[in-house]
Structure formats: C-alpha cells, structure tokens
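Enquirer: Return a 3D structure for these sequence lines:
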Amino acid sequence: MMIEQKSQPQRLSKEEINQLIHSYQTCGDKEAELTLVKNFENLVVSLARKYSKGREFHDDIVQVGMLGLLGAIRRFDASYGKNFESFAIPTILGEIKRYLRDKTWSVHVPRRIKEIGPKIKSAVDELTTTLQRSPKVEEIAQKIEVSEEEVLEAMEMGKSYQALSVDRSIEADSDGATITLLDLVGEAEKGYESVNQRLILQNALHVLTEREKQIISYTYLENLSQKDTGELLGISQMHVSRLQRKAIKKLRTAIKV
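Expert: Below is the predicted model:
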C-alpha cells in the first residue's frame with residue numbers, strides 16, 4: 001500500500017512574487033496574499049525560532065512574524081529593484097523585536113528603560129574591551145549619555161525581563177534528582193483553619209448547658225448524626241435538632257458571627 005505524500009508548494013520566482021504583490025496591492029486579491037504567505041511561511045518560522053530559543057511562546061513570536069510579513073506585502077515597492085525577501089526579513093525581525101521589547105516583561109517597565117537596556121549591553125562590551133576590566137556605572141552612563149540612576153534602574157529592571165515558570169526543573173541534589181520551583185513554594189497548612197475554628201468554638205462553649213455541649217460535641221466534633229446522638233443521650237432526634245438549633249444560636253451570639 002502506497003502512502004500519498006503531501007506535496008510541498010513550489011517556490012515562487014521573483015517575477016511571480018512581484019506579480020502577486022501587485023495584484024494584492026492594486027486589487028486586494030486575497031488569493032494572491034494567501035499564496036505569498038504560504039510561500040514565505042517557512043522563512044517566518046525560521047526567523048522566529050532564532051528569537052524563541054529557550055522560550056515558551058514560540059507560537060506567539062511566529063504569529064507576530066506573520067504580521068510583519070503581511071506588513072511587508074502591503075508596503076513593498078518593486079520599482080526600487082530589490083527582491084521582496086530582502087525587504088521582508090528586516091520588516092519581520094522588526095515586528096518580532098518590538099514584540100519582545102514591549103510584551104515579554106514580567107512587570108510593567110517604562111519604554112525608556114527598555115530602550116536603554118540594549119545600549120547598556122553594547123556599552124559594557126565596548127568598555128570592557130577598551131578598559132580591560134568591567135566598567136563602572138558612571139562610565140556606562142557617560143558612554144550612552146544618560147544618568148547613573150537610569151543605568152541602575154535599567155539594570156535592575158532587566159532582571160524582570162521574563163519570570164521563571166513554576167514548572168521549571170532544577171537540580172535538587174548531587175545524584176541528579178530534580179524538583180520544580182513549585183515544590184519550593186510554601187502553602188498554607190489546611191489544618192490550621194480547622195484548629196482555629198475548634199479554638200474559637202471551645203472558647204464559646206461556656207454559654208451552653210451541659211446537654212447542649214454534648215449535642216454540639218457529638219454532631220460537629222465527632223460527626224455523629226442527630227439520630228445517633230439522640231440514642232446516646234436517650235432523647236428523640238427531634239429533641240436533638242431543637243437543642244442543636246438553640247445551641248448554635250447561642251454560639252453565634254457569643255462569637256458574633
């Protein structure tokens with residue numbers, strides 16, 4: 001039995017690409033646009049992969065790259081003599097970089113701080129080579145012509161670029177065993193609330209008669225039914241129910257619930 005293989009779309013020539021772009025720009029030809037998108041889809045995915053390495057939002061970056069591709073299709077002018085791909089790549093990368101700058105920070109960071117970050121990195125690399133040591137904050141600030149406070153703020157904010165996932169695995173011991181960050185996050189002990197409620201109840205029990213205390217103890221602390229409680233106390237289930245309601249009313253008044 002032969003398995004039919006899905007054929008790959010034939011790569012378009014420069015002339016075909018220009019013709020399709022012209023058709024879309026002048027007539028709004030959606031079929032032409034779709035053909036162009038399919039033709040350059042692998043290019044977008046390839047560019048996105050370079051920026052999504054180690055990240056969890058590869059699909060988002062691909063979608064942003066596709067928006068850049070559509071923008072390139074709308075704005076390309078073949079009369080300049082350049083081929084479309086050389087125009088599209090910077091446009092796609094521009095959209096991806098803008099997305100990474102504006103959308104992937106874990107906390108809100110002013111745009112000016114985001115823009116200073118890459119300048120600081122470039123300045124540090126250059127100054128380290130020139131000075132043969134790590135540059136001081138003052139030297140970095142002078143290099144990129146901003147205040148020392150802005151450099152420090154950008155460096156600190158840079159730590160919030162992307163939060164770690166609580167599912168991220170980390171090494172727990174020398175044997176290579178791993179745990180997740182979530183395993184290290186504390187949580188409230190569920191028993192605390194139960195203990196707290198019991199203490200509140202015990203402090204208010206003084207308002208009840210001995211019979212009412214017995215009924216509350218059997219029905220709420222020992223989880224017995226009204227019928228079983230009545231049998232233990234030698235009274236009817238209806239009497240237990242009436243005394244239980246009376247006791248609860250007293251307790252609510254005592255603890256102001």
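Enquirer: Domains in the protein, by residue range?
Expert: Following automatic domain parsing, one gets these domains for the chain: 14-103, 105-181, 191-255.
Enquirer: Report how many residues lie close to residue 212.
Expert: Counted by other CB atoms under 10 Å, the residues lying close to residue 212 total 18. C-beta: built from backbone N, CA, C; applies to glycine.
Enquirer: That one looks like it's in a helix, true?
Expert: Yes: checked against DSSP: H, G, I helix; E, B strand; the rest coil, residue 212 lies within a helix.
Enquirer: which residue packs closest to residue 93, ignoring adjacent ones?
Expert: Leaving aside its sequence neighbours, residue 93 sits nearest to residue 47 (CB to CB, 6 or more residues apart in numbering; 6.1 Å).
Enquirer: those helices in the stretch 151-257 of the chain, which residues are they?
Expert: Under the criterion DSSP state H, counting those that start in this stretch, the stretch 151-257 of the chain carries helices at the ranges 181-184, 190-204, 210-216, 226-233, 237-255.
Enquirer: got a markdown table for the ones you listed, with mean pLDDT too?
Expert: Output for the helices of the stretch 151-257 of the chain, formatted as a markdown table (pLDDT from 0 to 100):
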| stretch | mean pLDDT |
| --- | --- |
| helix 181-184 | 48 |
| helix 190-204 | 65 |
| helix 210-216 | 89 |
| helix 226-233 | 90 |
| helix 237-255 | 87 |
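Enquirer: Select, out of those, the one closest to residue 86.
Expert: Smallest distance to residue 86 across the helices of the stretch 151-257 of the chain (CB to CB): 43.6 Å, for helix 181-184.
Enquirer: ok so, going back, can you check which of the helices of the stretch 151-257 of the chain gets nearest to residue 119?
Expert: The closest of the helices of the stretch 151-257 of the chain to residue 119 is helix 181-184. By CB to CB, the value is 31.8 Å.
Enquirer: what does stretch 58-75 rub up against?
Expert: Stretch 58-75 is contacted by residues 21, 24-25, 33, 36-37, 40-41, 43-45, 47-49, 51-52, 55, 84, 87-88, 91-96, 99-100 when judged by CB atoms under 8 Å, 6 or more residues apart in numbering.
Enquirer: my guess is residue 48 meets residue 96, correct?
Expert: Yes: between residue 48 and residue 96 there is a contact under CB atoms under 8 Å: 6.5 Å.
Enquirer: Next up, the contacts around residue 211.
Expert: 233, 243.
Enquirer: quick one: it from residue 246, how far?
Expert: To residue 246, residue 211 is 10 Å away according to CB to CB, to the nearest Å.
Enquirer: List buried residues within the contacts of stretch 58-75.
Expert: Among these, the ones that count as buried by 16 or more other CB atoms under 10 Å are 21, 24-25, 33, 36, 40, 44, 47-48, 51-52, 84, 87-88, 91-93, 95-96, 99-100.
Enquirer: Quickly, which of the domains of the chain bottoms out on average pLDDT?
Expert: With a mean of 69, domain 105-181 has the lowest mean pLDDT of the domains of the chain.
Enquirer: CA atoms only for whichever strand or helix holds residue 62, dumped as PDB, please.
Expert: Assigning secondary structure by DSSP states H and E places residue 62 in helix 58-75. The C-alpha coordinates for helix 58-75 follow below in PDB (Å, rounded to 0.1, in the frame of the first residue of the first chain):
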ATOM      1  CA  HIS A  58       7.400  30.300  20.100                       C
ATOM      2  CA  ASP A  59       3.900  30.300  18.500                       C
ATOM      3  CA  ASP A  60       3.300  33.900  19.600                       C
ATOM      4  CA  ILE A  61       6.500  35.000  18.000                       C
ATOM      5  CA  VAL A  62       5.600  33.200  14.800                       C
ATOM      6  CA  GLN A  63       2.200  35.000  14.700                       C
ATOM      7  CA  VAL A  64       4.000  38.300  15.200                       C
ATOM      8  CA  GLY A  65       6.400  37.400  12.400                       C
ATOM      9  CA  MET A  66       3.400  36.700  10.200                       C
ATOM     10  CA  LEU A  67       2.000  40.200  10.900                       C
ATOM     11  CA  GLY A  68       5.400  41.500   9.800                       C
ATOM     12  CA  LEU A  69       5.200  39.500   6.600                       C
ATOM     13  CA  LEU A  70       1.700  40.900   5.900                       C
ATOM     14  CA  GLY A  71       3.000  44.400   6.500                       C
ATOM     15  CA  ALA A  72       5.900  43.800   4.100                       C
ATOM     16  CA  ILE A  73       3.500  42.600   1.400                       C
ATOM     17  CA  ARG A  74       1.400  45.800   1.800                       C
ATOM     18  CA  ARG A  75       4.400  48.100   1.700                       C
END
